[in-house]
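Engineer: Below are the sequence and a predicted model; questions follow.
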Amino acid sequence: MNFNMNKKLLITGTVLGILGIILGAFAAHGLGKLVDADAVKSFETGVRYQMYHALLFLILGSTSFISLKSKKIVFYLVLIGLVFFSGSIYGLATNTLTSFNFKSIALITPIGGLLLITAWMVMLIGIIRGQVD
């Protein structure tokens, strides 16, 4: 088992969790004054998926049920997937507050979702194959 990869997963999961709580609090207490209810709901979807994957990183970093190689693949797929998926949702939900038009890059949202799905599939295959370090 690679201590460094597990530590990277645990630290990243923790940071994503902290940021998720901060962004969720912002959505619950401040964002509604700036954007409409649909935008707040969309923003909360981004937060929810970020938190799901923060927990995934914490679990993955605490176990040895898949190989180091699979952990690395899942790590990068999820990290990029979250930036594309949740990040673009955050941008789209707050589009009226910025000078950048996030609608111009809205296609990265489904790409991010596809990367997240792929990460879960890699993890499933790793579990089925029983490739453990």
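Structural biologist: Perfect, thanks for sending it.
Engineer: low pLDDT regions in this structure?
Structural biologist: Along the chain, segments meeting pLDDT under 70 span 1-2, 131-133.
Engineer: Let me see the ranges of the helices in it.
Structural biologist: 3-29, 37-62, 68-93, 108-129 (DSSP state H).
Engineer: TSV for those, including distance to Ser99 and mean neighbour count?
Structural biologist: For every residue, glycine as well, the C-beta is placed using N, CA and C. Compiled in TSV, the helices of the chain are given as follows (distance: least, C-beta to C-beta, whole Å; neighbours: other C-beta atoms under 10 Å):
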stretch	distance to Ser99	mean neighbour count
helix 3-29	20	16
helix 37-62	17	18
helix 68-93	12	21
helix 108-129	19	16
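Engineer: Tabulate those helices in a markdown table, adding columns for distance to Phe102.
Structural biologist: Listed next are the helices of the chain as a markdown table, based on distance: least, C-beta to C-beta, whole Å:
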| stretch | distance to Phe102 |
| --- | --- |
| helix 3-29 | 16 |
| helix 37-62 | 11 |
| helix 68-93 | 4 |
| helix 108-129 | 10 |
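Engineer: Nearest to Phe100, out of those?
Structural biologist: helix 68-93 (7.5 Å; C-beta to C-beta).
Engineer: and of the helices of the chain, who's closest to Asn101?
Structural biologist: When the helices of the chain are compared by C-beta to C-beta, helix 68-93 sits nearest Asn101, at 9.4 Å.
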